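**Student:** give me the fold of what follows.
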Amino acid sequence: MAERKSKQDEQAQLLDLLRTILPRIAPDAEFAAKIYSAAEDELRAKNRVNSFEKFCERIELPNLEPQTIAEVRQHFAAGFGEADLDIVTDEENKSLVVDVELPDGTQFHKRIPVRPAAPESDEPEVTLKFVAFPVALPGDAEMIWALAKRENLTNDEAAMALVKLQDDFWASKAGQKLLQDRVERSFPEFIARVPAGLLNEVGLKRHYKLPETLKVLRAARAAAR
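**Tutor:** Residues are numbered from 1 along each chain as shown. Sure, this is the predicted structure:
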């Protein structure tokens with residue numbers, strides 16, 4: 001977990017450096033923005049691949065029995081939400097061939113060999129907790145979405161990740177289909193429809209699909225006169 005945090009810090013420093021030097025070497029603001037966006041997208045793509053590889057490494061596959069394969073499928077379904085999942089048994093090579101396509105069109109491919117269960121480690125695994133991250137839209141500050149974020153994310157980092165994910169979602173094949181079906185491109189529709197796996201990937205979590213109006217209490221008047 002410390003290694004992952006270190007890598008995130010390195011990438012954040014790299015993006016900050018690009019943000020500083022690009023205006024100097026690329027006076028065209030639009031061109032500089034494209035370079036920065038391309039670098040950000042490339043880092044995000046690499047992080048997704050690394051996350052998928054590590055996810056596959058944690059999959060236990062002691063055999064190719066139907067029950068074992070069903071459990072593997074459940075793990076992938078829980079981790080990637082509404083993604084298209086294809087798992088094929090390769091008896092000859094004693095492995096499973098896994099193909100995952102996310103709603104935004106991102107595709108992953110992995111061959112998982114039959115292997116014994118990993119020995120249990122004496123060191124407890126450190127898992128980052130989720131903490132409250134309530135958000136509201138500028139036009140309606142009383143409508144609160146009770147989201148959560150990983151405890152290692154600042155509010156600003158979580159907000160930027162949420163905005164970026166919203167743009168990516170509507171630009172994806174699933175998002176474009178929703179727009180063609182006359183679904184309004186809005187935050188409420190996004191937060192209700194975005195797969196939990198995509199939110200989790202950027203360190204966010206949806207507590208409630210439906211928002212509740214914030215109750216504003218009036219100041220109590222003194223009863224005694």
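**Student:** alpha carbons only for contacts and neighbour counts from here, please
**Tutor:** Fine.
**Student:** which helix in the chain runs the most residues?
**Tutor:** Assignment by DSSP state H gives helix 29-57 as the longest helix of the chain.
**Student:** which other helices and strands contact that one?
**Tutor:** Contacts defined by 3 or more CA pairs under 8 Å, 6 or more residues apart in numbering; DSSP states H and E place helix 29-57 against helix 2-25, strand 107-113.
**Student:** quick one, which of those is nearest to Ala132?
**Tutor:** helix 2-25 (20.1 Å; CA to CA).
**Student:** for the closest one, what is the average pLDDT?
**Tutor:** The predicted model gives helix 2-25 an average pLDDT of 69.
**Student:** and for stretch 78-89?
**Tutor:** Across stretch 78-89, the average pLDDT comes to 81.
**Student:** quick check, distance from it to the centre of its chain.
**Tutor:** Chain-centre distance of stretch 78-89: 16 Å, with CA atoms, centre = their mean, to the nearest Å.
**Student:** before we move on, what about stretch 71-90?
**Tutor:** A distance of 17 Å separates the centroid of the chain from that of stretch 71-90, by CA atoms, centre = their mean.
**Student:** got it, and stretch 64-79?
**Tutor:** Between the mean C-alpha position of stretch 64-79 and that of its chain there is a distance of 21 Å (CA atoms, centre = their mean).
**Student:** please apply the same query to stretch 156-171.
**Tutor:** Distance of stretch 156-171 from the chain centroid (CA atoms, centre = their mean) equals 10 Å.
**Student:** still on that earlier bit, buried ones in the longest helix of the chain?
**Tutor:** With burial defined by 16 or more other CA atoms under 10 Å, the residues of helix 29-57 counted as buried are 32-33, 35-36, 40, 43, 47-49, 52, 56.
**Student:** picking that back up, among the helices and strands packed on helix 29-57, which comes closest to Pro62?
**Tutor:** With respect to Pro62, and counting by CA to CA, the nearest of these is strand 107-113 at 9.0 Å.
**Student:** for the next helix or strand after that closest one, C-alpha coordinates in CSV please.
**Tutor:** Elements were assigned by DSSP states H and E; along the chain past strand 107-113, the next helix or strand is strand 130-137. Extracted C-alpha coordinates of strand 130-137, given in CSV (Å, rounded to 0.1, in the frame of the first residue of the first chain):
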residue,chain,number,x,y,z
PHE,A,130,-13.5,5.2,3.2
VAL,A,131,-14.4,8.5,4.8
ALA,A,132,-17.4,10.7,4.3
PHE,A,133,-17.3,12.9,1.2
PRO,A,134,-20.6,14.8,0.8
VAL,A,135,-21.0,16.8,-2.3
ALA,A,136,-23.5,19.3,-3.7
LEU,A,137,-24.0,21.2,-7.0
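**Student:** just checking, what packs against strand 130-137?
**Tutor:** Packing partners of strand 130-137 (3+ CA pairs under 8 Å, 6+ apart): strand 140-150.
**Student:** avg pLDDT for the strand it packs on?
**Tutor:** In this model, strand 140-150 has a mean pLDDT of 82.
**Student:** just stretch 93-102 next, same as before
**Tutor:** Stretch 93-102 comes out with an average pLDDT of 88.
**Student:** same deal with stretch 33-42?
**Tutor:** Model confidence over stretch 33-42 averages 80 on the pLDDT scale.
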